[in-house]
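Enquirer: Compute the structure for the input listed below.
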Amino acid sequence: MAGSTSVGTVDRAGAAAGYRPSATLPFLAEFRRQASRRRTQLTLGFMVLLPLIILVAFEFNSGNADRNRNNEFGSLVDLATGGGLNFTLFSLFVSSSFLLVVVVALFCGDTVASEASWGSLRYLLAIPVPRARLLAVKLLVALAYSALALLLLFGTALLAGTLRYGWSPLRSQVAAELAPADGLLRLFAVLGYLAVVLLVVAGLAFLLSVTTDAALGAVGGAVLLWILSSILDQITALGGLRALLPTHYGSAWLGLLSTPAQTDDVVRGAVSAICYATLFWSLAFWRFTRKDVTS
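Expert: Numbering: from 1, shown residues only. Have a look, this model is predicted:
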């Protein structure tokens, strides 16, 4: 009827009056929501706990352990107790090849797949939250927590190592002794490079997260593919093809510790990681915006 009162008004595009897609699912709301999850709390807590576990392990070291001195990493164990910077370097080294990969895969692989497994994804889209915005916010929050995990590991190791072993120059087998200020800058550069390399894991896990409803499958799949790439990189018969693998430049951060710093492989590794991450994220957005969401 012409005189009846409508339940709501719509604009020319058919949306409810006052509806703004950019105002749905705010970043801070999703950030707080993820902070309340047990997996987030346990993961961040473990990033703080790990350096303390390593510190306690060194206290029980009898000094007679059999150490590998036949490669470029061997001296890191011996030098780890030489100061806070050395202890931080050791903590990053033992975490970079597997633990940090799992942490980033957990944050980025669980974010969408878990919503689907709980059956809440379709309700978020029905609010309505535009698909592209939902995916963008979830990706940014996952990356933010991944970066926070890296910073917690770095900060805790630096603080605990400095309090226990003092503020001393940074030493390693691949470089001359670096003054504390210069050594700290080098460690920040190492941390930054590791964060860039781990973007590949973030992209792969995120792509799997929008492809499957099983969060464990997305996280485990990203980790397994990363391990597979690492194994293939050890096969010298592949020759120059190994440079195309996302893990090929994973240890290029060692060049940042040399005197002067060797950045050629660092630049190649960073470009490779950004290209792979961009490809995976693009595929994730393409897949999700066309996916029939039923859960």
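
Enquirer: what's near enough to touch Trp167?
Expert: Contact analysis of Trp167 by CB atoms under 8 Å, 6 or more residues apart in numbering lists 83-85, 180. (C-beta placed from N, C-alpha, C; glycine too.)

Enquirer: Apply 10 Å and report the result again.
Expert: Neighbouring residues of Trp167 by CB atoms under 10 Å, 6 or more residues apart in numbering: 83-85, 158, 161, 180, 183-184.

Enquirer: do the same with Thr278
Expert: Taking CB under 10 Å, 6+ apart, we find Thr278 in contact with 199, 203.

Enquirer: any idea how far the strand or helix carrying it is from the chain center?
Expert: Following DSSP states H and E, the helix or strand that holds Thr278 is helix 264-290. Relative to the chain's own centre, helix 264-290 is displaced by 14 Å; criterion: CA atoms, centre = their mean, to the nearest Å.

Enquirer: from here on, count from 788
Expert: With the count now opening at 788, the last piece we talked about shows up as helix 1051-1077.

Enquirer: Is it possible to mark the buried ones in the contacts of Trp954?
Expert: By neighbour count, with 16 or more other CB atoms under 10 Å, those hold 870-872, 945, 948, 967, 970-971 as buried.

Enquirer: of these, closest to Ala1071?
Expert: Proximity of the buried ones among the contacts of Trp954 to Ala1071 (CB to CB) peaks at Leu945, which lies at 34.1 Å.

Enquirer: For that closest one, which non-adjacent residue is closest in space?
Expert: Closest residue to Leu945 apart from its sequence neighbours, by CB to CB, 6 or more residues apart in numbering: Thr875 at 4.6 Å.

Enquirer: my guess is Val984 meets Gly990, correct?
Expert: No: the criterion here is CB atoms under 10 Å, and Val984 misses it with Gly990 at 11.4 Å.

Enquirer: and for these two, which residues touch both?
Expert: Residues touching both Val984 and Gly990 (CB under 10 Å, 6+ apart): 891, 1033, 1060-1061, 1063-1064.

Enquirer: With distance to Ala900 added, can I get those residues in a markdown table?
Expert: Output for the shared contacts of Val984 and Gly990, formatted as a markdown table (distance: CB to CB, whole Å):
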| residue | distance to Ala900 |
| --- | --- |
| Val891 | 15 |
| Pro1033 | 21 |
| Ala1060 | 23 |
| Ile1061 | 24 |
| Tyr1063 | 20 |
| Ala1064 | 18 |
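
Enquirer: So the residue nearest to Leu945 is in contact with Leu938, correct?
Expert: No: when contacts are counted by CB under 10 Å, Thr875 is not listed as touching Leu938 (12.0 Å).

Enquirer: Who has more neighbours out of those two?
Expert: Neighbours per residue (other CB atoms under 10 Å) separate Thr875 from Leu938, with Thr875 holding more: 28 against 13.

Enquirer: the longest helix in this structure is where?
Expert: helix 918-952 (DSSP state H).

Enquirer: what does the following helix or strand past that one rub up against?
Expert: As assigned by DSSP H and E, the chain's next helix or strand after helix 918-952 is strand 957-959. By CB under 10 Å, 6+ apart, the surrounding residues in contact with strand 957-959 are 859-860, 862-863, 865-866, 869-873, 875-877, 880, 963-974, 1041, 1044-1045.

Enquirer: Helices of this structure, start to end?
Expert: 814-822, 825-846, 861-866, 871-883, 886-905, 908-912, 918-952, 967-984, 986-998, 1002-1020, 1051-1077.

Enquirer: The first one packs against which elements?
Expert: With contacts defined as 3 or more CB pairs under 10 Å, 6 or more residues apart in numbering; DSSP states H and E, helix 814-822 has these neighbours: helix 825-846, helix 886-905, helix 918-952.

Enquirer: give me the number of residues near the nearest residue to Ala867 once chain neighbours are set aside?
Expert: Closest residue to Ala867 apart from its sequence neighbours, by CB to CB, 6+ apart: Phe877 at 3.7 Å. A total of 24 residues lie near Phe877 under the criterion other CB under 10 Å.

Enquirer: surely Phe877 meets Ala944?
Expert: Yes: between Phe877 and Ala944 there is a contact under CB under 10 Å: 8.1 Å.
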